[in-house]
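Student: got a predicted structure plus its sequence, pasted below:
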Amino acid sequence: MDKSNFFNDIQSKISQALENSPAKDIEKNVKAVLTQGFSRLDLVTREEFDIQAQVLAKTRAKLEALEARIAAMEEQQSDQ
């Protein structure tokens, strides 16, 4: 038996033992608890956050442009 087969055999036996052990149930329960806890926190993904940051930047730029136009119109109005 060569080394790679030996290690693959041991790995499969360890994986099989873990799947049949209480450790697998504990892992599932911990994942469920964490998932439930995170869902209560109303978190967003990094991708969603980045998209909203881009939308906010565009909105700010438009607002600044509109403010500049209004200021120019007010100045023009006051000159007349």
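Tutor: Done, it's in. Residues are numbered from 1 along each chain as shown.

Student: and the helix or strand harbouring Ser78, average pLDDT?
Tutor: Per DSSP states H and E: Ser78 is located in helix 46-79. Over the span of helix 46-79, the pLDDT mean works out to 96.

Student: kindly report the same for stretch 7-20.
Tutor: Per-residue pLDDT values over stretch 7-20 give a mean of 77.

Student: ok, the residue minimising distance to the centre of the chain to Ile51 distance?
Tutor: Geometric centre of the chain, nearest residue: Thr45, 2.1 Å, by Cα atoms, centre = their mean. Distance of Thr45 to Ile51, computed by Cβ to Cβ, to the nearest Å: 9 Å. All C-beta atoms are positioned from the backbone trio N, CA, C, and that covers glycine.

Student: quick check: phi and psi at Val44.
Tutor: When read as degrees, to the nearest 10, the backbone of Val44 gives phi -120, psi 160.

Student: and for it, the neighbour number?
Tutor: A count of nearby residues for Val44, using other Cβ atoms under 10 Å, gives 11.

Student: got a list of what it touches?
Tutor: Gln52 (Cβ atoms under 8 Å, 6 or more residues apart in numbering).

Student: please repeat the previous calculation with a cut-off of 10 Å.
Tutor: If you count contacts by Cβ atoms under 10 Å, 6 or more residues apart in numbering, Val44 has them with Asp50, Ile51, Gln52.

Student: domain-wise, how is the chain divided?
Tutor: Domains of the chain are assigned by automatic domain parsing as 1-43, 44-80.

Student: tell me which of the contacts of Val44 is nearest to Ser21?
Tutor: Asp50 (40.5 Å; Cβ to Cβ).

Student: ok, the closest one to Lys58 distance?
Tutor: In terms of Cβ to Cβ, Asp50 sits 13 Å off from Lys58.
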